[in-house]
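Undergrad: need the 3D shape of this:
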Amino acid sequence: MEVISKLGKFWKKFDEELLGSPEETMGFSRDLPSLKQSFLIKKYDFSSLEQIEDIKKELLGRRILIINVKTLLQKVDVTKLKRGIEDMKSFLRENGGSMARIGDEYLILTPNSFVKIAN
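TA: This is a model prediction of the structure:
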């Protein structure tokens, strides 16, 4: 009987700990408001180098972009494309964001240092 009462106390304590917020349950402190930022993942068709400024605006709006570059690869000179990619990379470095390739036709861009890409 004594063992059962000890287990009952353990489970009661365990259940009480689960009643906290999702952040507390996952081990996050309430002192980290940056974790409560919302991000949107958006597919983006990149068909012109003039869209680079629009891409920057999307990133500033806390959007994670998955960019299809297939059309652009067929239209634009490689040196111009490299300059455009370097422009986006410098913008991302200034804001703490990152860029990575997904296969041969897609890029993924993150807006700031709160969202990282694992290589």
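Undergrad: show me the domain layout of this structure.
TA: Following automatic domain parsing, one gets these domains for the chain: 1-36, 37-119.
Undergrad: pLDDT averaged over the first one - what is it?
TA: Same thing as domain 1-36. Mean pLDDT, domain 1-36: 53.
Undergrad: again with stretch 94-109
TA: The model assigns stretch 94-109 a mean pLDDT of 92.
Undergrad: give me the contact list for it.
TA: Residues from elsewhere that reach stretch 94-109 (CB atoms under 8 Å, 6 or more residues apart in numbering): 46, 55, 59-60, 64-70, 73, 88-89, 91-92, 110-113, 115-117, 119. (Glycine included, C-beta is placed from N, CA and C.)
Undergrad: filter those residues down to the ones in strands?
TA: 64-68, 110 (DSSP state E).
Undergrad: tell me how far Phe39 lies from Leu59.
TA: 10 Å (CB to CB, to the nearest Å).
Undergrad: quick check: neighbours shared by these two?
TA: In contact with both Phe39 and Leu59: Pro111, using CB under 8 Å, 6+ apart.
Undergrad: so between these two, which is more surrounded?
TA: Leu59 (20 against 14; other CB atoms under 10 Å).
Undergrad: tell me who's in contact with that one.
TA: 65, 91-92, 95, 97, 109-111.
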